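need coordinates for the below:
(one chain, ligands or ions: 2)
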Amino acid sequence: MGYRILETDDIPGYLRERGHWDATCDIAVREVSDGNMNRVFLAAAPDGSRSLAVKQALPWVRVAGPSWPMNPDRADAEARAYAQVARVAPDKIPAIHGYDPENHALVMEDMSDLEVLRTLLNDGASYGPDTSRRIGEFVAQLSFATSDFGMASAERKALIAASVSPELCKITEDVVLSEPYIEHEHNHWHPELDDLAAEFRADTRLRTEVADLRHTFMTSGQALLHGDLHTGSIMVGRRDDADVVRVFDPEFSFVGPIGYDLGLYWANVLVSEARAHALGAGGDHAAQLRLSWEAFEAEFRRLWPSRVDTFFDEAYLDRFLDRVWTESVGFAGTEIIRRIIGFAHLTDLTTLPDPLQVPASRQTLLLGRELVVHRAELGDPEAIRTWIESIRAC
Ligand code: SR1
Ligand code: MG
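Residues are numbered from 1 along each chain as shown. Ligands and ions are numbered 1, 2, ... in the order given. Coordinates of the predicted model:
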């Protein structure tokens, strides 16, 4: 039949055709699309006894429409990433009930009982004791298993080949890792940031350091990444009296530098912290970068004895983790900067009233530049914290 764009009214028939729903049972469907790229529908039995989510990739960027075409094959990358995570961290992703490559549609667990982490944080909530620890573990488990430490050489070469994702990587190479530093129609910012946006475009040192990170993103195939691990790609809540953390939306997945995943998370927790600080709110924001790094490092070290290639020794592990740390710091800086003067801004800052938004954005932009330019000297979470405290004191 070929690829068809599913509308709300098509979902009951689609789920029945695909064998996900009994023909005799009713289904109520609503569209809940929220991210920049795709459509999502929730389908539920009227009595609430059963529900599923259907996510379909459109042949364009959803928020831009047909003027920004995008290959819907990106859903293949998402399905592949979920399959890899399901091997090593099934408790940290939604259950996947099926993937339909013809329609680029995933049928998956309905997570509407959970909340998007960014939404909760914007509403003033704290992180919860385990959120960042689980994110650090998630990155370690996925990256170790799909690195040359966790996967035999030939199998990994096949994974690298299967995971090549030129269009989605190009989005990141453009909107995160170059456009904010040049004149580009995608860029926009609050008018009171004109001076900093111009200063960043003229900053040759910053540009060279971003170029270095961009080249790392383009060439370093350390492990399979989520590829877009921001706080809008994480859902949290409670089920059966236990905290639940679920990572979703890995459509930007490809084999790249591990620091890109950690760095994206860190950028987003730091921006969230800037919001909380601007509002004079308390909370546990300041601990999250450290907690996720410690959990990542501990889990990676725990997995190390199981490595498939023991030519890589303990001393190399230390060196490797140092490199991941430094690159994560740099990528965090680039994500912060693009979220303020580039494309796809964050509601953490944009929903602050102007008198709070401008100083918070300025301080956060300066933090972003510091993370990029001085990443080699920022050796641990405490060094980043010290810098944040010093810029706030100015
Ligand atoms: C055109 S896509 C813009 C952004 O949305 C996604 O969530 C990624 O972060 C991407 O950079
Ligand atoms: Mg997304």
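
ranges for the strands of the protein?
28-31, 38-44, 51-57, 60-61, 65-69, 96-100, 105-109, 115-116, 223-224, 234-239, 242-247, 255-256 (DSSP state E).

put together TSV for those, with distance to ligand 1, mean neighbour count and mean pLDDT on each row.
(C-beta placed from N, C-alpha, C; glycine too.) TSV is the format used below for those (distance: least, CB to the nearest ligand atom, whole Å; neighbours: other CB atoms under 10 Å; pLDDT from 0 to 100):
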stretch	distance to ligand 1	mean neighbour count	mean pLDDT
strand 28-31	18	15	97
strand 38-44	10	20	96
strand 51-57	12	23	97
strand 60-61	5	16	93
strand 65-69	7	11	93
strand 96-100	20	17	97
strand 105-109	16	22	98
strand 115-116	12	17	97
strand 223-224	17	28	98
strand 234-239	12	18	97
strand 242-247	13	18	97
strand 255-256	14	24	98
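
which one of those strands lies nearest to ligand 2?
Shortest distance between ligand 2 and the strands of the chain, using CB to the ion, is found for strand 38-44: 7.6 Å.

what about that closest one, near ligand 2?
No: Strand 38-44 is not in contact with ligand 2 by CB under 5 Å from the ion; minimum separation 7.6 Å.

quick one: contacts of that strand?
Residues outside strand 38-44 that contact it (CB atoms under 8 Å, 6 or more residues apart in numbering) are 6, 8, 11-12, 15, 21, 27-34, 50-58, 62, 75, 110, 112, 251.

now do Thr24, the pLDDT please.
For Thr24, the pLDDT comes out at 84.

from ligand 2, how far off is it?
35 Å (CB to the ion, to the nearest Å).

burial of that residue, as a residue count?
Look at Thr24: counted by other CB atoms under 10 Å, it has 6 neighbours.

ok, now how distant is it from Gly48?
17 Å (CB to CB, to the nearest Å).

same question, Trp266
Distance from Trp266 to Gly48, by CB to CB: 38 Å.

how about Ala281?
Relative to Gly48, and taking CB to CB, Ala281 is found at 35 Å.

neighbour count winner among those two?
Between Ala281 and Gly48, Ala281 has the larger neighbour count (other CB under 10 Å), namely 14 against 8.

can you pull the contacts of Ala86?
Ile93, Ile96.

I figured Gly263 was touching Ala332, is that so?
Yes: counting by CB atoms under 8 Å, Gly263 touches Ala332, with 4.0 Å between them.

between these two, which one's more packed in?
Ala332 (30 against 27).

got a pLDDT number for the more buried one?
At Ala332, pLDDT is 99.

over to Thr216?
For Thr216, the predicted pLDDT is 99.

OK, contacts around it?
Taking CB under 8 Å, 6+ apart as the definition, contacts of Thr216 comprise Pro257, Gly259, Glu327.

neighbours around the residue nearest to the second one when sequence neighbours are not counted, how many?
In other words, Gly259. In this structure, Gly259 finds its nearest non-sequential neighbour in Glu327, 3.2 Å apart by CB to CB, 6 or more residues apart in numbering. When neighbours are counted by other CB under 10 Å, Glu327 registers 23.

same thing with Leu321?
17.

from Glu297, how far out is it?
Distance from Leu321 to Glu297, by CB to CB: 6 Å.

tally of neighbours for the residue nearest to Ala152 when sequence neighbours are not counted?
Of all residues not flanking Ala152 in the chain, Val308 sits nearest, at 5.5 Å (CB to CB, 6+ apart). For Val308, the tally of surrounding residues (other CB under 10 Å) stands at 14.

ok, now the one 3 residues further on?
Counted with other CB under 10 Å, the burial measure for Phe311 works out to 7 neighbours.

one more: Gly342?
Gly342 has 25 nearby residues by other CB under 10 Å.

chain neighbours aside, what residue packs nearest to it?
Closest to Gly342 by CB to CB, 6+ apart is Pro180, at 3.7 Å.
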